[in-house]
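[1] Below are the sequence and a predicted model for it; my questions follow.
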Amino acid sequence: MKDRIRNCLATLKTRILMDGFTREAAVLMPVFEWEHEYYFLLTRRTEEVQTHKGQISFPGGMREGKEDLVQTALRETFEEVGIEESKIEILGRFHDYMSITGYRVTPFAGYIHGAFTTRPQIREVAEVLQVPLRIFTDPSRLRIEHRTYPGVDPQVYFYSYGTHQIWGLTARIIKDFLEALNLSKE
């Protein structure tokens with residue numbers, strides 16, 4: 001899987017947004033293997049954070065100063081869930097996305113090596129989720145709704161996982177990423 005992701009991102013014509021955003025953010029799409037299955041590591045945001053309260057997202061946040069975006073993703077991952085940069089192998093950059101708050105969000109795929117523990121930042125992260133990739137390839141777990149947001153695709157994706165709904169920008173990134181890897185139909 002690691003090589004598949006790296007090779008896909010190395011040859012992908014990445015969509016880079018050059019304007020129209022107010023701030024820049026980066027997220028890490030952490031992938032890891034456990035008991036012969038691949039997972040995404042996601043977080044459920046607290047009700048105390050400024051935006052997207054209670055939503056499920058990838059670890060990430062705002063760029064600080066002139067910080068490289070991949071460093072933003074790694075720094076925020078460490079701050080939010082306590083996984084050190086040395087445990088993460090960056091496999092590549094994915095498409096840029098515009099959030100409904102006007103931020104350009106740049107995802108980076110990262111592979112977490114070996115066993116790890118998480119230490120959630122209690123003001124930002126209510127829960128750390130380890131979600132099997134097969135959840136996102138099961139068509140019965142995907143729901144599409146049409147919404148009206150200025151300048152944003154009207155299709156909003158929702159994935160069901162237990163009592164959780166993974167939706168919005170996170171779901172869109174996951175759907176696009178798995179399609180790029182040709183995993184959406186496996």
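    Received it, and whenever you're ready, just let me know what you need.
[2] where's the residue nearest the centre of the chain relative to residue 12, distance?
    Note on the chain: the residue nearest the mean C-alpha position is residue 58, at 3.6 Å, using C-alpha atoms, centre = their mean. Distance from residue 58 to residue 12, counting by C-beta to C-beta, to the nearest Å: 18 Å. No exception for glycine: its C-beta is placed from N, CA and C like everyone else's.
[3] got it, and residue 180?
    Per C-beta to C-beta, residue 180 is found 6 Å from residue 12.
[4] Give me the below-cutoff pLDDT ranges for the chain.
    47, 49-54, 149-153, 184-186 (pLDDT under 70).
[5] Which other helices and strands does the longest strand belonging to the chain contact?
    Longest strand in the chain, counting residues (DSSP state E): strand 23-34. Strand 23-34 sits against strand 37-45, strand 60-62, helix 69-81, strand 88-93, strand 103-112, helix 168-180, with contacts defined as 3 or more C-beta pairs under 8 Å, 6 or more residues apart in numbering; DSSP states H and E.
[6] The same query, at a cut-off of 10 Å, please.
    The contact analysis (3 or more C-beta pairs under 10 Å, 6 or more residues apart in numbering; DSSP states H and E) places strand 23-34 against helix 2-11, strand 37-45, strand 60-62, helix 69-81, strand 88-93, strand 103-112, strand 125-132, helix 168-180.
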